[in-house]
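Visitor: model the following, please.
(chains A and B)
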There are 2 protein chains.
Amino acid sequence: MDQTQKLINDGNAAVDEMLTGIIAAHPNHLWRPDNAPRAVVARHGPREGKVGLVIGGGSGHEPTFLGFVGKGLADAAAVGNVFASPPPQPVVDAALAANGGAGILFMYGNYAGDVMNFDMAAEMLEMESIEARTVVTTDDIASAPRDAREKRRGVAGNVFIFKAAGAAADMMMSLDEVERIARHANDRTYTMGVALSACSLPQTRRPNFELPVGEMEIGMGIHGEPGVRRGPLQSANAVTDEIVDAILGEMNAKAGDSVAVLVNSLGSTPLMELYIMHARVAERLAAADIRIHSALVGPYCTSMEMAGASISVMHLDDELTTMLDHPCDCAMFRVG
Amino acid sequence: MDQTQKLINDGNAAVDEMLTGIIAAHPNHLWRPDNAPRAVVARHGPREGKVGLVIGGGSGHEPTFLGFVGKGLADAAAVGNVFASPPPQPVVDAALAANGGAGILFMYGNYAGDVMNFDMAAEMLEMESIEARTVVTTDDIASAPRDAREKRRGVAGNVFIFKAAGAAADMMMSLDEVERIARHANDRTYTMGVALSACSLPQTRRPNFELPVGEMEIGMGIHGEPGVRRGPLQSANAVTDEIVDAILGEMNAKAGDSVAVLVNSLGSTPLMELYIMHARVAERLAAADIRIHSALVGPYCTSMEMAGASISVMHLDDELTTMLDHPCDCAMFRVG
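Guide: Numbers count the residues shown, from 1 in each chain, chains lettered A, B, ... in the order given. Sure, this is the predicted structure:
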């Protein structure tokens, strides 16, 4: 099988070299503590009395997670290898840098490796008398049935969920409140994706699964986890309708409600196609008398060069609207 | 040959459907005049007494050009089909919407079709007593020799060049001054790219040229125009060095000078690879005692799903630094 065309040096060094580049490009936003090369911290985020919001997970999804570290959003991120959870130490490093004495909230997508490592980090922090709680994101509605939401994976809807929790922390709310808002945000966020191609790890440069040209897989996860169905590649409108139908079926929105929408590229699907999909999302929501309060369109949670897209919808209420509109200033994402 | 996997409906409708989606996603930033579907205007840009900055060109390079329409940057853009110049009428439509009575500056990449159509639009505006001048961008140093800069193409460095002119116009400078700063910005901006794959038009879904796996083409243009050499795909550092060497060879920067850097994805090359390249750019510039004032890393001027990247460097002086740091608020790009 052909190798994937990548501009890298050593596949095993790709994540560390990427981090060197990120710190070089964004010195006013991001820094790394001494001896903690896999913990990236917001320059103007952490402060006394504030809940520290720590996110993280495997690399390869950029701008998730590093792009959402900054004032008003996450205080720090722990960085794993490509598609691999960070071990406990970088999580602890990130938490110590984010610690303002008001407790730490861990937020990350619901994957077994991340759960194990963040839980170990929480135990290590407990020994230093730092309380760390956890809210895992479970927005991928294709990844488990509705009555097993706790088994679902976290994907692109992370952006909205992290944003809501980050705003709450930036408003100096208590750990109880930040945790409550994080869970509330997760409960009201729904994502479903479609893959049009595989991607490949820098170490192997080989596609991580087979998807023949002319086919698509609806509901595939951001690491190539199996979706809900594979079939012939359909039109943008047909694919968008299938995803929007699934989301509306779960969301229980009524006429007049507001939502935030994210049409996300998994990597190589360009803005042109995302905006074509967004046109259909807007048409469908207007027909249901659901108002789009804000829209994000672009690569927010990727699988390197995977072709495909996902649609996320957060069902807003007054509290979540306030949290989404709260300013944030990250290296790769800004509001307000 | 295999079809490219695209999420579109009708290839011939892709640009118009994209525009529908862009306006739906960014109603607070962008609007279109009645009966001018291919002119996109900044909601808070044009105003009385201000030079109107109108940019444009073929589609398929998003966020170029539409993403740079907004307060502090371009007032309007004329939108062509994929890789095809807009005809004169949308250019006139964009200019009329951008007109504040202080003259219009057209800025676009140096391509024959664009020159012809924007020049015709300028003549049409002259009949309405609106003065329109033109500054074409010629930042692609691989596209013609140094002593024939007027033959060079405009590529990703557009972002910096448009930004400088947009700031000058936003500061209510005269048409003479905005034009002077636009030329000055273009003179001091240098770009070179590398292609790792072809892309394909929505109408055909077929690659627009052949580039075997394992090879790269240094200097290739954003529509697949031939580059300066084709050869085996090299490491990110080797590719970056070749591009940086070429740029430094033209730039005549001295120790202590400052630059703005853009490491741009041509489409499917992900952030991970761009930041690896940026790490090398930063290392090389530090070794030459050249300071990076600001850095942009991401997809800014794409060729849909083409794999590859480009590096742009603007050689700053006090005036250009002021112009780059001036605030702008566009749907897909913000400063300040």
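
Visitor: please report how far the residue nearest to residue A:228 when sequence neighbours are not counted lies from residue A:236.
Guide: Setting aside the residues directly before and after it, residue A:228 is nearest to residue A:219 in space (CB to CB, 6 or more residues apart in numbering or on different chains), at 3.7 Å. Glycine gets a C-beta too; all of them are placed from N, C-alpha and C. Distance of residue A:219 to residue A:236, given as CB to CB, to the nearest Å: 17 Å.

Visitor: quick one: contacts for residue A:36?
Guide: A:90, A:93, A:94, A:97 (CB atoms under 8 Å, 6 or more residues apart in numbering or on different chains).

Visitor: just to revisit the earlier point, more neighbours, residue A:219 and residue A:236?
Guide: Between residue A:219 and residue A:236, counting by other CB atoms under 10 Å in any protein chain shown, residue A:236 is the more crowded of the two (25 against 22).

Visitor: so how far is chain B from that one?
Guide: Using CB to the nearest CB, to the nearest Å, residue A:236 is found at 4 Å from chain B.

Visitor: does that residue touch residue A:275 like I think?
Guide: No: Residue A:236 is beyond contact range of residue A:275, at 9.9 Å (criterion: CB atoms under 8 Å).

Visitor: list the residues that contact both of these two?
Guide: Residues touching both residue A:236 and residue A:275 (CB under 8 Å, 6+ apart) are residue B:17.

Visitor: for stretch A:71-78, what is the average pLDDT?
Guide: What stretch A:71-78 shows for mean pLDDT is 98.

Visitor: is chain B contacted by that stretch?
Guide: No: if you take CB under 8 Å from any CB of the partner chain as the test, stretch A:71-78 misses chain B, and the best it gets is 14.1 Å.

Visitor: where does chain A dip in pLDDT?
Guide: Residues of chain A that meet the criterion pLDDT under 70 lie in A:1-2.

Visitor: and it, what are its domain boundaries?
Guide: Here the domain parsing of chain A from automatic domain parsing is A:11-188+A:325-335, A:189-322.

Visitor: re the thing from before, which of the contacts of residue A:36 fall in helices?
Guide: If you go by DSSP state H, the contacts of residue A:36 have A:90, A:93, A:94, A:97 in helices.

Visitor: filter these by proximity to chain B?
Guide: With the criterion set as CB under 8 Å from any CB, no member of these is near chain B.

Visitor: out of those, which is most surrounded?
Guide: residue A:94 (32 neighbours).

Visitor: and the helices in the stretch 201-336 of chain A?
Guide: A:236-251, A:271-287, A:318-325 (DSSP state H, counting those that start in this stretch).

Visitor: in the second one, what's buried?
Guide: It refers to helix A:271-287. A:271-285 (16 or more other CB atoms under 10 Å in any protein chain shown).

Visitor: among the residues you listed, which ones lie close to chain B?
Guide: Within the buried residues of helix A:271-287, those near chain B by CB under 8 Å from any CB are A:271, A:272, A:273, A:274, A:275, A:276, A:277, A:278, A:279, A:280, A:282.

Visitor: and the residues you listed as CSV, adding distance to residue B:124?
Guide: Shown next, in CSV, are these (distance: CB to CB, whole Å):
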residue, distance to residue B:124
A:271, 30
A:272, 29
A:273, 34
A:274, 34
A:275, 29
A:276, 31
A:277, 36
A:278, 33
A:279, 30
A:280, 35
A:282, 34
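
Visitor: flag every residue of the stretch 201-336 of chain A that's near chain B.
Guide: Counting by CB under 8 Å from any CB, the residues of the stretch 201-336 of chain A near chain B are A:202, A:213-214, A:216, A:233, A:235-237, A:239, A:263, A:267-280, A:282, A:292, A:295, A:297-299, A:302, A:304-305, A:307-309, A:332, A:334.

Visitor: contacting residues for the closest residue to residue A:204 other than its chain neighbours?
Guide: Leaving aside its chain neighbours, residue A:204 sits nearest to residue A:11 (7.3 Å; criterion: CB to CB, 6+ apart). By CB under 8 Å, 6+ apart, residue A:11 lies in contact with A:201, A:202, A:203, A:204, A:205.

Visitor: distance of residue A:11 from chain B?
Guide: Using CB to the nearest CB, residue A:11 is found at 11 Å from chain B.

Visitor: quick one, phi/psi of that residue?
Guide: Per-residue torsions, residue A:11: phi -50, psi -40 (degrees, to the nearest 10).

Visitor: the residue lying closest to residue A:91 once chain neighbours are set aside: which element?
Guide: Nearest residue to residue A:91, sequence neighbours excluded (CB to CB, 6+ apart): residue A:121, at 3.6 Å. Assigned by DSSP states H and E, residue A:121 falls within helix A:112-126.

Visitor: am I right that residue A:53 sits in a strand?
Guide: Yes: the assignment for residue A:53 (DSSP: H, G, I helix; E, B strand; the rest coil) places it in a strand.

Visitor: and the gap between it and residue A:302?
Guide: 22 Å.

Visitor: between those two, which one's more packed in?
Guide: In terms of neighbours (other CB under 10 Å), residue A:53 is the more surrounded of residue A:53 and residue A:302; the figures are 30 against 27.

Visitor: would you check that the more buried one makes contact with residue A:105?
Guide: Yes: in this structure residue A:53 lies within contact range of residue A:105 using CB under 8 Å: 5.3 Å.

Visitor: so which residue is smack in the middle of chain A?
Guide: residue A:158 (3.5 Å; CA atoms, centre = their mean).

Visitor: in contact with that residue, which residues?
Guide: A:55, A:64, A:65, A:68, A:107, A:109, A:137, A:139, A:301.

Visitor: list the contacts for the second one?
Guide: Listed by CB under 8 Å, 6+ apart, the contact set of residue A:64 reads A:57, A:156, A:158, A:159, A:300, A:301, A:302.

Visitor: quick check, residue A:302 in contact with residue A:61.
Guide: Yes: between residue A:302 and residue A:61 there is a contact under CB under 8 Å: 5.6 Å.

Visitor: pull up the overlap in contacts between the two.
Guide: Counting by CB under 8 Å, 6+ apart, the shared contacts of residue A:302 and residue A:61 are residue A:222.

Visitor: show me where the stretch 1-150 of chain A has strands.
Guide: A:30-31, A:39-42, A:52-59, A:70-71, A:76-82, A:104-109, A:132-137 (DSSP state E, counting those that start in this stretch).

Visitor: got the angle for the longest one vs strand A:132-137?
Guide: Pointing back at strand A:52-59 there. 50 degrees (axes from the mean of the first three to the mean of the last three CA atoms, to 10 degrees).

Visitor: of the domains of chain A, which is nearest residue B:75?
Guide: domain A:189-322 (21.0 Å; CB to CB).

Visitor: quick one: end-to-end length of the closest one, please.
Guide: Start to finish, the residues bounding domain A:189-322 are 16 Å apart (CA to CA, to the nearest Å).

Visitor: on that earlier part again, where do the contact lists of residue A:53 and residue A:105 overlap?
Guide: Common neighbours of residue A:53 and residue A:105 (CB under 8 Å, 6+ apart) are A:165, A:169, A:178.

Visitor: which positions in the stretch 1-150 of chain A make contact with chain B?
Guide: A:2-3, A:5-9, A:14-15, A:17-22, A:24-26, A:59-60, A:62-63, A:82.

Visitor: among these, the buried ones, what's the ChimeraX command?
Guide: Applying 16+ other CB under 10 Å to those, the buried members can be selected in ChimeraX as follows:
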select /A:5,6,7,8,9,14,15,17,18,19,20,21,22,24,25,26,59,60,62,63,82
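
Visitor: returning to what we had before: and the contacts of residue A:158, which of them are buried?
Guide: Buried among the contacts of residue A:158 (16+ other CB under 10 Å): A:55, A:64, A:65, A:68, A:107, A:109, A:137, A:139, A:301.

Visitor: make a markdown table from these and add distance to residue B:32 to it.
Guide: Formatted as a markdown table, those follow (distance: CB to CB, whole Å):
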| residue | distance to residue B:32 |
| --- | --- |
| A:55 | 38 |
| A:64 | 33 |
| A:65 | 36 |
| A:68 | 32 |
| A:107 | 39 |
| A:109 | 38 |
| A:137 | 37 |
| A:139 | 33 |
| A:301 | 30 |
